[in-house]
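S.K.: no sequence on hand, only this structure:
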């Protein structure tokens, strides 16, 4: 079934970037549809207190922040549907987006499908926000004087371990190999920090706890020795994968699958002058963690959502409100 309405913009994804885009575009009196997905709200729906989002002195629960963002977008006229997009056709002046058999048309599309942290596959996702985290920069303050475990060997793991040194009593860095993958400067910072103890050639093979994290079981890959370690914090820093499978063959992606835009590609997309958040397809924009392979913060995602909305508004109308 083809919907009769031609939307000015369809936003795919309902996290901080998607809802911010919807707020700006609907406030500019454009017709906006947010296809937020069945699991709307992004990664913040799995967090407890968010203390580093400006404007909340005492912090805010992740789900509450997402509900407020959604309500603000709706206030200015954005329509939000909790449905997953199943197919897209982004070439041409009219973009086509499918939800099952339902075909939706739009003049512009903003992709804000986000990224997901890679997990160990041990059921630890059940304890997210209850001892298990994928962002020490976000959550380190909750682990004051506690024993923590970081899994990984790249720059992200080093950053997590160093962030925890300000609060945690001990940080055990578990790495599968005999040497770290991180940049030398990050390795040096970790290796000289007395709070950080590296467990080489090892991996976490079991996560313990029902209502909250209670400990982990660590296996030495050389000796097969198993050690149980009580811990109140497990930080996974083994990478992210962007939610871009839906767009393969439609827009350009980088080697890791992140969406390429004028911001991330610079001169590679020089024809996009004036639209830094536009992808390789005219009228299709990207924002948030689906583009951002570095910062991965709620506030940077929201900022990128604003940028994408302003670019999309300019693309649709030839001008930006207030400029």
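M.R.: Happy to help now that I have it. Predicted, not measured: the structure shown is a model, and the values here were computed from it.
S.K.: return the helix or strand in this protein with minimum mean pLDDT.
M.R.: Lowest mean confidence among the helices and strands of the chain (mean pLDDT, DSSP states H and E): helix 262-265, at a mean of 68.
S.K.: which residues of the stretch 1-150 of the chain fall in strands?
M.R.: 2-12, 32-35, 49-50, 60-61, 79-81, 87-89, 95-99, 102-111, 115-117, 132-133, 147-151 (DSSP state E, counting those that start in this stretch).
S.K.: burial of residue 180, as a residue count?
M.R.: The number of residues packed near residue 180 is 21, by other C-beta atoms under 10 Å. In short, each C-beta sits where N, CA and C put it, glycine included.
S.K.: got a list of what it touches?
M.R.: 153-154, 158, 187, 190, 198 (C-beta atoms under 8 Å, 6 or more residues apart in numbering).
S.K.: do that again at 10 Å, thanks
M.R.: 152-155, 157-158, 173, 186-187, 190-191, 198, 200 (C-beta atoms under 10 Å, 6 or more residues apart in numbering).
S.K.: now residue 24
M.R.: 30, 32, 73, 76, 78, 305-310, 312-313, 320-321.
S.K.: the helices in the stretch 101-250 of the chain, which residues?
M.R.: Per DSSP state H, counting those that start in this stretch, the stretch 101-250 of the chain carries helices over the ranges 136-139, 155-164, 184-191.
S.K.: list the contacts for residue 228?
M.R.: 206, 208, 214-218.
S.K.: at 7 Å what do you get?
M.R.: 215, 217 (C-beta atoms under 7 Å, 6 or more residues apart in numbering).
S.K.: now it: how far from residue 52?
M.R.: 33 Å (C-beta to C-beta, to the nearest Å).
S.K.: quick one on the thing from earlier: for the strands of the stretch 1-150 of the chain, which has the smallest mean pLDDT value?
M.R.: Ranked by mean pLDDT, these bottom out at strand 49-50, with a mean of 74.
S.K.: got the contact list for that strand?
M.R.: Counting by C-beta under 7 Å, 6+ apart, 44, 59-62, 65, 298 sit against strand 49-50.
S.K.: again, 8 Å this time
M.R.: Contacts for strand 49-50 (C-beta under 8 Å, 6+ apart): 44, 56, 59-62, 65, 138, 142, 298.
S.K.: now list the buried members of those.
M.R.: 44, 60-62, 65, 138, 142, 298 (16 or more other C-beta atoms under 10 Å).
S.K.: as CSV, those residues with distance to residue 279 would be great.
M.R.: Compiled in CSV, the buried ones among the contacts of strand 49-50 are given as follows (distance: C-beta to C-beta, whole Å):
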residue, distance to residue 279
44, 24
60, 31
61, 33
62, 28
65, 27
138, 28
142, 37
298, 22
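S.K.: mind listing what residue 300 touches?
M.R.: By C-beta under 8 Å, 6+ apart, residue 300 lies in contact with residue 292.
S.K.: report the secondary structure state of it.
M.R.: helix (DSSP: H, G, I helix; E, B strand; the rest coil).
S.K.: distance to residue 21 added to the strands of the stretch 1-150 of the chain, as JSON lines?
M.R.: Shown next, in JSON lines, are the strands of the stretch 1-150 of the chain (distance: least, C-beta to C-beta, whole Å):
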{"stretch": "strand 2-12", "distance to residue 21": "5"}
{"stretch": "strand 32-35", "distance to residue 21": "8"}
{"stretch": "strand 49-50", "distance to residue 21": "20"}
{"stretch": "strand 60-61", "distance to residue 21": "20"}
{"stretch": "strand 79-81", "distance to residue 21": "12"}
{"stretch": "strand 87-89", "distance to residue 21": "17"}
{"stretch": "strand 95-99", "distance to residue 21": "15"}
{"stretch": "strand 102-111", "distance to residue 21": "5"}
{"stretch": "strand 115-117", "distance to residue 21": "17"}
{"stretch": "strand 132-133", "distance to residue 21": "27"}
{"stretch": "strand 147-151", "distance to residue 21": "33"}
